[in-house]
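**Student:** everything below, folded, please.
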Amino acid sequence: MAEVDTEVPPLPPRYRFRDLLLGDQTFQNDDRVQVEFYVNENTFKERLKLFFIKNQRSSLRIRLFNFSLKILTCALYILRVSLDDPEEGTGVRGNFLMVFFFFFFYRELIFWVHRRVPVWAIQVRVKFIHLFLLHFPFKGNIWEQIFQISFILEMINTVPFIITIFWAPLRNIFVPVFLNCWLAKGALENMINDFHRAIQRTHSAMFNQVFILICTLLCLVFTGACGIQHLERAGKHLTLFDSFYFCIVTFSTVGYGDVTPQIWPSQLLVVILICVALVVLPLQFEELAYLWMESQKLGGNYSRHRAQTEKHVVLCVSSLKIDLLMDFLNEFYAHPRLQDYYVVILCPTEIDIQVRRILQIPLWSQRVIYLQGSALKDQDLMRAKMDDAEACFILSSRNEVDRTAADHQTILRAWAAKDFAPNCPLYVQILKPENKFHVKFADHVVCEEEFKYAMLALNCVCPATSTLVTLLVHTSRGQEGQLSPEQWQRTYGRCSGNEVYHIRLCDSKFFGEYDGKSFTYASFHAHKKYGVCLIGVKREDNKSIMLNPGPRHIMAAADTCYYINITKEENSAFIFKQEEKHNKGLPVTGLYDAPSRLPVHSIIASMGTVAIDLQNPDPPEESSKLTLPTENGAGSRRPSIAPVLEIADSSAILPCDLLSDQSEDETNQSDEEGSVGSDFVKGYPPNSPYIGSSPTLCHLLPQKAPFCCLRLDKGCTHNSFEDAKAYGFKNKLIIVSAETAGNGLYNFIVPLRAYYRPRKELNPIVLLLDYPPDNHFLEAICCFPMVYFMAGTIDNLDNLLQCGIIYADNLVVVDKESTMSAEEDYMADAKTIVNVQTMFRLFPSLSIITELTHPSNMRFMQFRAKDCYSLALSKLEKIERDKGSNLAFMFRLPFAAGRVFSISMLDTLLYQSFVKDYMIAIIRLLLGLDTTPGSGYLGAMKITEEDLWIRTYGRLFQKLCSSSAEIPIGIYRTESHMFSTSEASSASSNTLYLSGRFGFDSSFGLNSTTSDQSEHPLLRKKSMQWARRLSRKSAKPSSRAERISQQRLNLYRRSERQELSELVKNRMKHLGLPTVGYDEMNDHQNTLSYVLINPPPDTMLELNDIVYIIRSDPLAHMPEDSQVGQARGTRNQQDFGTETRDETHL
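**Tutor:** Residues are numbered from 1 along each chain as shown. Model (predicted):
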């Protein structure tokens, strides 16, 4: 069998040697059959179809030719009517057929007309061409084509003319050629469709429907005019113009009655036309109204002509809320040079009723265009003219339950926009930090969780950092609260107008004279002379911005300066007092000829322009040299400060306090301090939880802590501690309450463990999580010292006590993702607000920093229903909102004190980047998210009794610049306020009257212990007089019953506090915790705090003021040898984490 299978068959006899060379090809070709496909297209008809119909451009030509023939036919009919004479005979009166029709209609002029031979000849030739063209478009069932209305009309207008060629007596028969207008209407519609198909563009359905409606009206009028004119040949002999006039008057429902049909056939035609119009036109108008409503929902198109002649930006969102829209519009149009820009909103959902109402306001209706569509469709991007846009803002929906899914949608939108318009700048907002690297191609990216956690972390070491940053990124003129009688509101509102600006040194009057001088010298003297605060600089050959590069940085003409001021230099007017003296012939003294007192700055902000009054202060009568007081406090402390040097002297540059602390930690530690920080090392965290986190030099543990040791409330084999008290921490705790241990929480730990934080000042961090963290997160945080976690919630008192809340200085409550979405949007913060209010009552001395979803809900934080002062601030907020302020919520006490924060307040950071492309980089440097070699960091110092000799903010500026090269940028001030019993009631009754009469609102029965109030006794006296006068007019004096009720209220409050205190102590005893550390209700309800950004130099310092300062980079002052040695040590200490670097979560 195997032999049979392997046997080779013999060659056929027809094979020759050529066949052997060619193989089986000849054999196979003999069996092939050639098949021709699409043979039907080889016919003459199909070739004509291919040329005239299927080909787009040739089809457009033939349809245009067909339309021209239809119009020519109608024109020939009008010509025939104008040449027709009803009185002339037709020559066929003796015909039997004529007698029959005359007997039926009583008129022979209806069926017979006088048609001249040239007109007849042209009409016959045109009809032949129609008949020829009628052969091509037919396809499919022939019976379906025969019963079409267009085919019937063609036959009615074509067959009679063909018959007249063979039967001459019928050449004068009437043929309704005017019906060709309906065929011309169909040909025009097809021609327009082919036109848009040929140019690869589509016209809107609205345009198509309007076009059909107009054509229908014209055809009805033309048909009626021609039909009535012909029928009236047997009656009143109306002309074609009279018939046209009659149709217009009739269809417009005017009905003058001067022209009317006389015979019944024409009257019947009018009835038929009116019935047709009553049926056809309402359907057309209904379709038009429907398309108009749909187009209103979709938003229509942004025309190409407008896109090329106007400037516009595109805003892409998944759902548009009224708060997000107003924040964007108010911040975007706050800049003068953006007033001529248009905003095109591209949103996939239908426009909301509230949004529609806002967009109908004349202020926005002419500048904002809403388009319903998806950014993933090129058609919708074409409608928004994305390729011609100046910028595209892509915002995430933070109210989604699944924030990761919301980020995925944002990423796809960014990819689609970049693919469609590669040259359009992208401004992308992302929620999760692990998704940030997907949109790193965008021009500007703001990661919400990165900024949020870093800002909340700095709030714990630099109070009210969130308020400071929020005020810096909002556009304001500093006019808020200027009509208030409260001094702190006027000062706070005026300083809130400070923003960050930039200018080249060679183009600046502020800094141009400091070319070749040190950075600290330029910063101090610019603040002394102009009141501006120079915070950073960028070299021409370097793209990185450096905050406070220190005295070693020498200013160059090409440097870009970044400064804080009430407005930019281009909008400032300079008034020099020296010029006036020179004009009067008085001697002119230099500004820096001698040490001088700080000038009195008059800053007037009006319509974006600031007038700065520069005065030449007289030299003081004291000593000409200011010397630095002794650091140890021994001996007499003289009010003298060293001058700021123009050029840095290496021997004169003293290391900042931070470095001295670090050196002390490393070399001269005591036994007690050594137990805290002796085992810490400096290095880069070995494990980053996500891609894209900036490496930051931090305090680390020499060896990773076991995961079991990170659990605060449970002991392990390494230690037996089960509560915060057992650990014996030297510093106060920082507790963070979050739902899950997300990757963003890593950015909360890094700023608090940065290398520039003194070791002895590191606070233990406790993460109170609703759900236990996974091993990936624990791997990232196990290298940081004094970082622990615990499973629990803030609504459980036992969990709060176990995590050591009585030993904590700050409690950070992070908004939970599961509560960000609710049926009623503003109810998303309900649980957080109530829980924080409970903790505020239980632990009044605790600093609670809360994150909310909606900024408008901050009025419920630390809510006091019967506090007249809070109610007065509420009315002041409404007044500022009515004035159009973007910061109406700034006077709320929790926000001013930095106790509440909403991430939506930072949306303006992305909007401002369109005008100030450096804002994101500066804020990241301030928050510690990025580290640039040579750039400083944000810190704080507290004014103690030993520092009050400095007296003013300007002198403090000089001391910091001359001693430690630090740049102050603001003050966090806390004031004590209390109500007097007799005047509190009058304040509450007269608040509404004052707001209506004077345009402001406040509580006038307020006794303040601030120095600002004491400096203005006249204002205070007038406020008290107004309150007493209005009290006599509209309120009765306080009675004895009211005083008794006030005393009862105080007793009730004391009993309530005692009850809450007993509750907490009983729970602590039940848990086995000592009650010694529980604070006996050290209430801070009679204090208020606020932020002063870049206050004037003559601002007086007060006790317990916290000054925001930008410290220079400590590594910039270290010798190169020590830096190399430190880098080597860092590499050696990071070797323990190399095995886990490849576990970064994507």
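
**Student:** can I get the longest strand that the chain contains in CSV? Just the C-alpha atoms.
**Tutor:** In the chain, taking DSSP state E as the definition, the longest strand is strand 967-979. Coordinates of each C-alpha in strand 967-979 appear next as CSV, following Å, rounded to 0.1, in the frame of the first residue of the first chain:
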residue,chain,number,x,y,z
ILE,A,967,11.4,86.6,52.0
PRO,A,968,8.1,87.3,53.9
ILE,A,969,5.0,87.3,51.8
GLY,A,970,2.1,87.7,54.3
ILE,A,971,0.8,87.5,57.8
TYR,A,972,-1.7,85.1,59.5
ARG,A,973,-3.3,87.2,62.2
THR,A,974,-5.5,86.1,65.1
GLU,A,975,-7.6,88.6,67.0
SER,A,976,-9.7,88.4,70.1
HIS,A,977,-13.3,89.6,69.8
MET,A,978,-16.1,89.5,72.3
PHE,A,979,-19.6,90.9,72.5
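
**Student:** can you list the strands that that strand pairs with?
**Tutor:** strand 1006-1008 (antiparallel), strand 1087-1093 (antiparallel), strand 1106-1111 (antiparallel) (DSSP bridges).

**Student:** per-domain residue ranges of this protein.
**Tutor:** Residue ranges for the domains of the chain, per the TED database: 46-84+103-295, 305-442.

**Student:** endpoint to endpoint, the last one covers what distance?
**Tutor:** The first residue of domain 305-442 is 27 Å away from its last residue (Cα to Cα, to the nearest Å).

**Student:** with stretch 685-693 instead?
**Tutor:** Separation of the first and last residues of stretch 685-693 by Cα to Cα is 11 Å.

**Student:** again, but for stretch 759-766
**Tutor:** The first and last residues of stretch 759-766 sit 18 Å apart, counting by Cα to Cα.

**Student:** what sits up against that stretch?
**Tutor:** Defining contact as Cβ atoms under 8 Å, 6 or more residues apart in numbering, one finds that stretch 759-766 is touched by 460-461, 661-662, 665, 673, 676-677, 680, 699, 712, 724, 727, 729-736, 748-749, 752-753, 784-790, 803-804, 808-809. (C-beta placed from N, C-alpha, C; glycine too.)

**Student:** got a PyMOL select line for the buried ones in the residues you listed?
**Tutor:** Burial among those is assessed by 16 or more other Cβ atoms under 10 Å; the matching PyMOL selection reads:
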select buried, resi 460+461+661+662+665+676+677+680+699+712+724+727+729+730+733+734+735+736+748+749+752+753+784+785+786+787+788+789+790+803+804+808
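
**Student:** which ones among the contacts of stretch 759-766 are found in strands?
**Tutor:** Short answer: the contacts of stretch 759-766 in strands (DSSP E) are 699, 733, 734, 735, 736, 787, 788, 789, 790, 808, 809.

**Student:** which residues does the second one bridge with?
**Tutor:** Beta-bridge partners recorded for residue 733 (DSSP bridges): residue 808.

**Student:** residue contacts, it?
**Tutor:** Counting by Cβ under 8 Å, 6+ apart, residue 733 touches 724, 763, 764, 765, 766, 803, 804, 805, 807, 808, 809.

**Student:** picking up where we left off before, the longest strand of the chain - what's its average pLDDT?
**Tutor:** Across strand 967-979, the average pLDDT comes to 84.

**Student:** in that strand, what counts as buried?
**Tutor:** Residues of strand 967-979 classed as buried: 967, 968, 969, 970, 971, 972, 973, 974, 975, 977, 979 (neighbour count, 16+ other Cβ under 10 Å).

**Student:** please name the nearest non-neighbouring residue to residue 85.
**Tutor:** In space, and not counting its chain neighbours, residue 85 is closest to residue 114: 5.8 Å by Cβ to Cβ, 6 or more residues apart in numbering.

**Student:** so for residue 123, which of the strands paired with strand 967-979 sits nearest?
**Tutor:** Across these, residue 123 has its closest neighbour in strand 1087-1093 (87.2 Å, Cβ to Cβ).

**Student:** wait, the residue nearest to residue 85 touches residue 84, no?
**Tutor:** Yes. When contacts are counted by Cβ atoms under 8 Å, residue 114 is listed as touching residue 84 (5.1 Å).

**Student:** ramachandran angles for residue 952?
**Tutor:** When quoted as degrees, to the nearest 10, the phi and psi of residue 952 stand at phi -120, psi 160.

**Student:** go on, the one 5 residues further on?
**Tutor:** Its backbone dihedrals place residue 957 at phi -60, psi -50, with angles given as degrees, to the nearest 10.

**Student:** burial count for it?
**Tutor:** Other residues near residue 957 come to 27 when the count uses other Cβ atoms under 10 Å.

**Student:** now it: how far from residue 729?
**Tutor:** To residue 729, residue 957 is 36 Å away according to Cβ to Cβ, to the nearest Å.

**Student:** same check on residue 842?
**Tutor:** Look at residue 842 and residue 729: by Cβ to Cβ, they are 21 Å apart.

**Student:** how about residue 527?
**Tutor:** Separation of residue 527 from residue 729 (Cβ to Cβ): 39 Å.

**Student:** equivalent analysis for residue 905, please.
**Tutor:** 33 Å.

**Student:** again with residue 258
**Tutor:** Note on residue 258: its distance to residue 729, by Cβ to Cβ, is 104 Å.

**Student:** pull out the buried positions in the host helix or strand of residue 207.
**Tutor:** Residue 207 is part of helix 205-231, with elements assigned from DSSP states H and E. Residues of helix 205-231 classed as buried: 206, 208-209, 212-213, 215-216, 219-231 (neighbour count, 16+ other Cβ under 10 Å).

**Student:** give the contact list for residue 798.
**Tutor:** Neighbouring residues of residue 798 by Cβ under 8 Å, 6+ apart: 792, 1067, 1071.

**Student:** for these, which one is nearest residue 71?
**Tutor:** The closest of the contacts of residue 798 to residue 71 turns out to be residue 792 (Cβ to Cβ; 84.5 Å).

**Student:** just to check, the closest one is in contact with residue 801?
**Tutor:** No. Look at residue 792 against residue 801 with Cβ under 8 Å: they stay out of range, at 10.0 Å.

**Student:** out of the two, which sits in the busier spot?
**Tutor:** The neighbour count for residue 792 versus residue 801, taken as other Cβ under 10 Å, is higher for residue 801 (22 against 19).

**Student:** check the more buried one and give its pLDDT.
**Tutor:** Listed pLDDT for residue 801 reads 87.

**Student:** what's the answer for the one 3 residues further on, then?
**Tutor:** Taken from the predicted model, the pLDDT recorded for residue 804 is 86.

**Student:** from residue 731, how far out is the nearest residue to it once chain neighbours are set aside?
**Tutor:** Computed as Cβ to Cβ, 6+ apart, the closest residue to residue 804 that is not its neighbour in sequence is residue 724, at 2.5 Å. Applying Cβ to Cβ, the value for residue 724 to residue 731 is 12 Å.

**Student:** and residue 683, by the same measure?
**Tutor:** Taking Cβ to Cβ, one finds residue 683 at 22 Å from residue 731.

**Student:** can you pull the poorly scored residue ranges out of the stretch 101-250 of the chain?
**Tutor:** Applying pLDDT under 70 to the stretch 101-250 of the chain flags the ranges 101-109, 132-145, 195-206.

**Student:** that one: helices as residue ranges?
**Tutor:** Along the stretch 101-250 of the chain, counting by DSSP state H, counting those that start in this stretch, helices occupy 117-133, 142-146, 149-166, 180-198, 205-231, 240-251.

**Student:** and the longest one, what does it pack onto?
**Tutor:** Using 3 or more Cβ pairs under 8 Å, 6 or more residues apart in numbering; DSSP states H and E as the contact criterion, the neighbours of helix 205-231 among helices and strands are helix 56-83, helix 180-198, helix 240-251, helix 264-298.

**Student:** next secondary structure after the host helix or strand of residue 527?
**Tutor:** Per DSSP H and E, residue 527 falls inside helix 519-530. Downstream of helix 519-530, the first helix or strand assigned by DSSP H and E is strand 533-538.

**Student:** mind listing the strands that following strand pairs with, and their directions?
**Tutor:** Using DSSP bridges, strand 533-538 pairs in its sheet with strand 546-547 (antiparallel), strand 560-565 (antiparallel).
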